[in-house]
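> Model the structure of this input:
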Amino acid sequence: MLARYLLPLSLLTVASAFGQVVDAYGPVAAHLKAGDPAPEIQFTKILSAPGGEPWSPSILAGKLTILTFFLDTSRNPQTITMWNSLVDEFARPVQFLFVSGDDGSSLLPWLRQHPFKGWVFHDPSGKTGKAYGLKLPVSVFVGADERILGFGKPGFPPEESDVKAVLEGRVTTTRPPRASLKAYMESRQVLDPEPRGIPRAEDYRPKFAPSYALHVTPSEDDDAGNFSGDDFKALKGYTLKEAILNLYDVNPVRIILPATFDDGRRYDFSMVLPGHEDSEAMKARFEDGLLNYFHLTALRETRTVQAYVVTALPGREPAPLKPTPEGAMGKSSRVQFETVSGAENELEALKPQRLNRIRGVWIDGTADEFCHTLENLLDHPVVNETNLHGEFRFRVESSKGTSNNFLKHLRDQLGLEITTGNRDVEFLTFLAP
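Numbers count the residues shown, from 1 in each chain. Next up, the predicted model:
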């Protein structure tokens, strides 16, 4: 099924999580790439073995292997369910290997209460990560011939779309031009040919002279991203609507933009200030520059529209969200939709979705955050009328191999209902001269 992940673990987030280190496994000595033989797994202890099977390097032969690295397993309890769900879905055609870098004093007691599926290895010194030349904990895809197919994106767990693409032989390590999204979809799923590193924000500092002017130029390369420092901000490869989403923190369904400006063109938006300013002041200058450049006026207005309305059944509420241990990655969000296939369908899946296509959710936070997360992906605003207070674990597991009954599961598992109705909703409207 198609999984849509919100708040993904971006490269810059990873950099922050690991204290701005250059490489999570120390200086890189091995420089492996797609096509190279996969090094042997090095470990101090096997923590889990499917069916009690003894480990042998020959197990890698003859089957797709997904090798995943993680440094703080016991501080991130959400990893267990996400990983086990992936193993359950693909266990027959794929063998899963999990390499944990935790200190044993915290990991071993935790695993007794939270067993992982698949192979689990303890490698606190990071020998396997170093052997694979990793700079960040990522997933490594190894083919039946024991050669590396490619490296996944930073974050956990591997994305289901990547797993399916590898199984179906739709993988390449050459990224097509971003100019044609359809060509990208048709040209196969892209994995990284080499392990990614942690970029420094200063690497993306624009070269032009400091001023209070916003520079807007057509995007000419595929190096997209959001980069900022004490005196600069750069949005590379963004459409105007995506830039608005970044600056105004509003969901796409609540933005009203003239059609002539919502044309999919991509730009590099950059500003280098004469001196340091806090992030809110810089964002305000960026907003003003954006409106001036495109000659737009922004206003907030309330309209009565059809919306998805979330309510809570009397006497029912989801399980409360327990505080995360100090140093944990924090709350996570994930939404799963119906399976899609083919380039045209995958393109459609990137657009706002209908409520009846959701199969499962994994969202931590308040009821407002739950609604905001869903609304970010759906085709109508989502209104919170639950009257729930506090933070909760919103978990609705998908029904594999059956018809979609997400709304029934939502009611049965969480005591929540979603209906449609007309509501007054605030929109961010942009007006052209």
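> Can you give the distance from stretch 124-142 to the centre of its chain?
Counting by C-alpha atoms, centre = their mean, to the nearest Å, stretch 124-142 is centred 20 Å from the centre of its parent chain.
> what's the answer for stretch 98-116, then?
24 Å.
> what sits up against that stretch?
Residues outside stretch 98-116 that contact it (C-beta atoms under 8 Å, 6 or more residues apart in numbering) are 41, 43-45, 47-48, 67-75, 77, 80, 83-84, 118-124, 126, 128-129, 137. Using the backbone N, CA and C atoms, a C-beta is placed for each residue, glycine as well.
> One more: stretch 406-413?
Residues outside stretch 406-413 that contact it (C-beta under 8 Å, 6+ apart): 313, 355-356, 358-360, 395-399, 416-418.
> now those as JSON lines including pLDDT?
Shown next, in JSON lines, are the contacts of stretch 406-413 (pLDDT from 0 to 100):
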{"residue": "Leu313", "pLDDT": "95"}
{"residue": "Leu355", "pLDDT": "91"}
{"residue": "Asn356", "pLDDT": "87"}
{"residue": "Ile358", "pLDDT": "89"}
{"residue": "Arg359", "pLDDT": "85"}
{"residue": "Gly360", "pLDDT": "86"}
{"residue": "Arg395", "pLDDT": "89"}
{"residue": "Val396", "pLDDT": "89"}
{"residue": "Glu397", "pLDDT": "77"}
{"residue": "Ser398", "pLDDT": "68"}
{"residue": "Ser399", "pLDDT": "61"}
{"residue": "Leu416", "pLDDT": "96"}
{"residue": "Glu417", "pLDDT": "96"}
{"residue": "Ile418", "pLDDT": "96"}
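> Of the residues you listed, which belong to helices?
Assigned to helices by DSSP state H, none of the contacts of stretch 406-413 qualify.
> what's the closest of those residues to Ala234?
Distance ranking of these against Ala234, using C-beta to C-beta, places Ile358 first at 34.3 Å.
> Now do the same contact list for that closest one.
So Ile358 contacts Val335, Gln336, Phe337, Leu374, Asn404, Phe406 (C-beta under 8 Å, 6+ apart).
> Now the buried members of the contacts of stretch 98-116.
By neighbour count, with 16 or more other C-beta atoms under 10 Å, these hold 41, 43, 47, 67-75, 80, 83-84, 118-123, 126, 128-129, 137 as buried.
> want to throw the contacts of Ile358 into TSV with distance to Pro109, neighbour count and pLDDT?
Shown next, in TSV, are these (distance: C-beta to C-beta, whole Å; neighbours: other C-beta atoms under 10 Å; pLDDT from 0 to 100):
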residue	distance to Pro109	neighbour count	pLDDT
Val335	32	23	84
Gln336	31	22	79
Phe337	37	21	77
Leu374	36	23	95
Asn404	39	17	69
Phe406	36	21	88
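> Show only the entries of these found in strands.
Members of those lying in strands (criterion: DSSP state E): Val335, Gln336, Phe337.
> what ranges do the helices span in the stretch 51-200 of the chain?
All helices of the stretch 51-200 of the chain, identified by DSSP state H, counting those that start in this stretch, fall at 78-90, 104-113, 127-131, 160-167, 181-186.
> What angle do helix 78-90 and the fourth one make with each other?
It refers to helix 160-167. Between helix 160-167 and helix 78-90, the angle comes out at 40 degrees (axes from the mean of the first three to the mean of the last three C-alpha atoms, to 10 degrees).
> Which positions in helix 160-167 come out as buried?
Using 16+ other C-beta under 10 Å as the test for burial, helix 160-167 gives Glu160, Ser161, Asp162, Val163, Lys164, Ala165, Val166.
> check contacts around the last one.
In this structure, Val166 makes contact with Leu64, Phe141, Leu149, Gln189, Leu191, judged by C-beta under 8 Å, 6+ apart.
> Let me have these in CSV, extended by pLDDT and neighbour count.
Compiled in CSV, the contacts of Val166 are given as follows (pLDDT from 0 to 100; neighbours: other C-beta atoms under 10 Å):
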residue, pLDDT, neighbour count
Leu64, 93, 18
Phe141, 93, 23
Leu149, 92, 22
Gln189, 65, 19
Leu191, 77, 23
